[in-house]
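Peer 1: What would the 3D arrangement of this be:
(chains A and B)
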Amino acid sequence: DGGITQSPKYLFRKEGQNVTLSCEQNLNHDAMYWYRQDPGQGLRLIYYSQIVNDFQKGDIAEGYSVSREKKESFPLTVTSAQKNPTAFYLCASSIRGEGTEAFFGQGTRLTVV
Amino acid sequence: GQQVMQIPQYQHVQEGEDFTTYCNSSTTLSNIQWYKQRPGGHPVFLIQLVKSGEVKKQKRLTFQFGEAKKNSSLHITATQTTDVGTYFCAGAPTSGTYKYIFGTGTRLKVLA
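Peer 2: Model (predicted):
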């Protein structure tokens, strides 16, 4: 089955620890994205990548880091510098080109205690 | 900065009633997309509008893009319980961008 997979679905971490969220896609998409969703709010863009070995900051990149070493993978690290990391994180991918739909993963709910 | 607002934030309707959510951008958009997120789920693409004044229909759903390409609406006729979820618009501020700005979303509850 083609799709985009995020793991794990739920993640708990202690405050001050870095944590990496996995995102893998087998859709052969060039573009990948990370969004953060807080209760009652829309999706805010953290980072996006249009091609392997290249990525750009979104609107709320502070306290996060990413890598894009493979086309299929776009892991997100939530660092201890992120002041309020508890949230629902969504990864998405799309083919390159204007106005292409984004396919979302199931999301990872991160709770920092 | 660029903002995309949606109203209302919440809407409760009786099954069979109509529902409309409005999306307003602070800047002109190249195109706009609509997504639906079921409770506990992830956003799923519904449709994309590109042309000024464009209207598209999907069964009971009607999508419209404003003439000035700064606003859009989603109208659902005769809601069903399966329509429950949060509806988001996502606007592309410039042509060729991958950086869509998502609206705040409208959460729809349908009472049977």
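Peer 1: got the contact list for residue A:50?
Peer 2: Shown in contact with residue A:50 (CB atoms under 8 Å, 6 or more residues apart in numbering or on different chains): A:30-31, A:56, A:96, B:98. Just so you know, the C-beta spots here come from the backbone N, C-alpha and C atoms, and that holds for glycine as well.
Peer 1: Quickly name whichever of those is closest to residue A:84.
Peer 2: Of all these, the one sitting nearest residue A:84 is residue A:56; the distance, using CB to CB, is 22.5 Å.
Peer 1: so which helix or strand takes in that closest one?
Peer 2: Using DSSP states H and E, residue A:56 sits within strand A:54-57.
Peer 1: what pLDDT, on average, does that strand get?
Peer 2: Predicted confidence along strand A:54-57 averages 94 (mean pLDDT).
Peer 1: what lines up beside the helix or strand following that strand in the sheet?
Peer 2: Reading on from strand A:54-57 to the C-terminus, the next helix or strand found by DSSP H and E is strand A:64-66. Strand A:64-66 has the following sheet partners, assigned by DSSP bridges: strand A:76-78 (antiparallel).
Peer 1: elements contacting the next helix or strand after the partner strand?
Peer 2: Counting by DSSP H and E, the element after strand A:76-78 in chain order, helix or strand, is strand A:87-94. Judged by 3 or more CB pairs under 8 Å, 6 or more residues apart in numbering or on different chains; DSSP states H and E, strand A:87-94 is in contact with strand A:4-7, strand A:19-25, strand A:31-37, strand A:76-78, strand A:103-104, strand A:108-112.
Peer 1: Would you mind getting the angle between strand A:87-94 and strand A:19-25?
Peer 2: Per axes from the mean of the first three to the mean of the last three CA atoms, to 10 degrees, the angle that strand A:87-94 makes with strand A:19-25 is 30 degrees.
Peer 1: Format the CA atom coordinates belonging to strand A:87-94 as PDB.
Peer 2: The C-alpha trace of strand A:87-94 is given here as PDB (Å, rounded to 0.1, in the frame of the first residue of the first chain):
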ATOM      1  CA  ALA A  87       1.200  18.900  20.500                       C
ATOM      2  CA  PHE A  88      -0.100  16.800  17.700                       C
ATOM      3  CA  TYR A  89       2.500  16.600  14.900                       C
ATOM      4  CA  LEU A  90       1.500  15.900  11.300                       C
ATOM      5  CA  CYS A  91       3.800  15.000   8.500                       C
ATOM      6  CA  ALA A  92       2.700  15.400   4.900                       C
ATOM      7  CA  SER A  93       4.000  14.900   1.400                       C
ATOM      8  CA  SER A  94       3.100  16.000  -2.100                       C
END
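Peer 1: Contacts for it, please.
Peer 2: Strand A:87-94 has contacts (CB under 8 Å, 6+ apart) with A:4, A:6, A:21, A:23, A:25, A:27, A:29, A:31-38, A:43, A:46, A:74, A:76, A:78, A:100-105, A:107-110, B:42-43, B:98.
Peer 1: next one: the helix or strand of chain B with the lowest mean pLDDT to chain centre, how far?
Peer 2: Across the helices and strands of chain B, mean confidence by mean pLDDT, DSSP states H and E is lowest for strand B:101-102: a mean of 90. Computed by CA atoms, centre = their mean, to the nearest Å, the chain-centroid distance of strand B:101-102 equals 11 Å.
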